[in-house]
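S.K.: After the sequence you'll find the predicted model.
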Amino acid sequence: MKTLPARQLKQLKAEIEKEGKEKSENDLEFLLLNGPTATEEEIQTIENNRKAINQWRKKL
């Protein structure tokens, strides 16, 4: 790499950064599409907890 002309070195660097960015975007997409999800029971528990916290905050 040290023997490459400046133009080719810049081009190589840009290509490496481009591939890294594409990979990280694909990893994020994979995580979002295949990551863990909450069950209906868990969602209901979260909603109930939020309601209880909001009621508690209003009392203060």
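M.R.: Looks like it arrived, so ask away.
S.K.: Next, residue 38: secondary structure please.
M.R.: Put simply, residue 38 is coil when judged by DSSP: H, G, I helix; E, B strand; the rest coil.
S.K.: Also residue 17?
M.R.: Classified using three-state DSSP, residue 17 is helix.
S.K.: same question, the one 10 residues further on
M.R.: Applying three-state DSSP to residue 27 yields a three-state assignment of helix.
S.K.: Against residue 33, how distant is it?
M.R.: Counting by Cβ to Cβ, to the nearest Å, the gap from residue 27 to residue 33 is 11 Å. Heads up, the C-betas are built off the backbone N, CA and C, glycines and all.
S.K.: neighbour-wise, which of those two wins?
M.R.: residue 27 (10 against 7; other Cβ atoms under 10 Å).
S.K.: and the helix or strand hosting residue 45, average pLDDT?
M.R.: For residue 45, the host element (DSSP states H and E) is helix 40-59. The average pLDDT for helix 40-59 rounds to 95.
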